[in-house]
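Chemist: Sharing a sequence plus its predicted fold:
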Amino acid sequence: MKQYVLEGKATVLTKGRAVGEAIAAGNVRIINNTEELRLFKDGEILVADTTTPDWEPVLKRASGIITMRGGRTCHAAIVARELGVPA
């Protein structure tokens, strides 16, 4: 069993519910619309209101996924679990 430990302390910027127990690190890319998906770079943490199946190529390149809507059964959560990406 893997154990993840967050080292150091910082100001909490936001709170939410995690899909898994992994920790992601990387630059954040906020995506407000589908046109901005082309700006996404490998290894970034994707932040978006929600995702759709069309976003899968980008989700595969993310080091983490954060959505503003949805829960454990939303599209982003299911794809994150399948890909092993923290969400």
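Modeler: That came in fine, so what should we check first?

Chemist: alpha carbons only for contacts and neighbour counts from here, please
Modeler: Noted.

Chemist: Can you list the buried residues in stretch 21-32?
Modeler: 22, 24, 28-31 (16 or more other Cα atoms under 10 Å).

Chemist: top helix in this protein by residue count?
Modeler: helix 75-83 (DSSP state H).

Chemist: At which residues are the helices of the protein located?
Modeler: Residue ranges of the helices in the chain, as given by DSSP H, are 56-59, 75-83.

Chemist: Out of those, which is closest to L37?
Modeler: Comparison of those against L37 by Cα to Cα identifies helix 56-59 as nearest, at 7.2 Å.

Chemist: Not counting the closest one itself, show me its contacts.
Modeler: Contacts of helix 56-59 from elsewhere in the structure, counted by Cα atoms under 8 Å, 6 or more residues apart in numbering, are 37, 40, 46, 65, 79-80.

Chemist: can I get those residues in CSV with distance to P57?
Modeler: Putting these into CSV (distance: Cα to Cα, whole Å) gives the following:
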residue, distance to P57
L37, 10
F40, 11
L46, 12
I65, 13
V79, 11
A80, 12
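
Chemist: would you list the residues you listed in a markdown table and tack on neighbour count and pLDDT?
Modeler: A markdown table is the format used below for the contacts of helix 56-59 (neighbours: other Cα atoms under 10 Å; pLDDT from 0 to 100):
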| residue | neighbour count | pLDDT |
| --- | --- | --- |
| L37 | 16 | 96 |
| F40 | 18 | 97 |
| L46 | 24 | 96 |
| I65 | 24 | 96 |
| V79 | 20 | 94 |
| A80 | 22 | 94 |
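
Chemist: if we can go back for a sec, just how off-centre is the longest helix of the chain within its chain?
Modeler: For helix 75-83, the distance from its own C-alpha centre to the chain's C-alpha centre is 9 Å (Cα atoms, centre = their mean, to the nearest Å).

Chemist: quick one on the thing from earlier: need the winner for burial among the helices of the chain.
Modeler: Burial of the helices of the chain is given as mean neighbour count (mean count of other Cα atoms under 10 Å); helix 75-83 ranks first at a mean of 18.

Chemist: Mind giving me the packing neighbours of that one?
Modeler: helix 56-59, strand 64-67 (3 or more Cα pairs under 8 Å, 6 or more residues apart in numbering; DSSP states H and E).
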